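>>> Sequence unavailable; structure follows:
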């Protein structure tokens, strides 16, 4: 699989990415903050203040 990363092109197989993720044991639960769609403005403010790494907006479904 080829992914464009910035100006560089990096070849990484899917299995390798999974292995790297599992080895590093990234705390995804602490990196991602979820908000319901009706709190989208609050989510934007939280991210702009640097209180979270990644905001995920959950759509009502």
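Yep, that arrived. Predicted model only: the values in this text are computed from it and were never measured.
>>> For burial, what's the neighbour tally of residue 52?
Applying other C-beta atoms under 10 Å, we find 16 residues neighbouring residue 52. Where C-beta positions appear, they are placed from N, C-alpha and C, glycine not excepted.
>>> next one: the one 3 residues further on
Using other C-beta under 10 Å, residue 55 has 18 other residues around it.
>>> what comes up buried for the helix or strand containing it?
Under the criterion of DSSP states H and E, residue 55 resides in strand 54-58. Across strand 54-58, burial judged by 16 or more other C-beta atoms under 10 Å covers residue 55.
>>> what's the model's confidence in it, averaged?
The average pLDDT within strand 54-58 is 93.
>>> chain center to the helix or strand hosting residue 18: distance?
If you go by DSSP H and E, residue 18 is part of helix 14-24. Centroid displacement of helix 14-24 relative to its chain, using C-alpha atoms, centre = their mean, to the nearest Å, is 15 Å.
>>> The most centrally placed residue in the chain: what's it in contact with?
For the chain, the residue nearest the mean C-alpha position is residue 54 (5.3 Å; C-alpha atoms, centre = their mean). Going by C-beta atoms under 8 Å, 6 or more residues apart in numbering, residue 54 touches 31-33.
>>> Could you tell me which of those belong to strands?
Of the contacts of residue 54, the ones assigned to strands by DSSP state E are 32-33.
>>> As TSV, the contacts of residue 54 with distance to residue 16 would be great.
Formatted as TSV, those follow (distance: C-beta to C-beta, whole Å):
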residue	distance to residue 16
31	21
32	22
33	28
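>>> out of the contacts of residue 54, who's nearest residue 60?
Of all the contacts of residue 54, residue 33 has the smallest distance to residue 60: 17.9 Å, by C-beta to C-beta.
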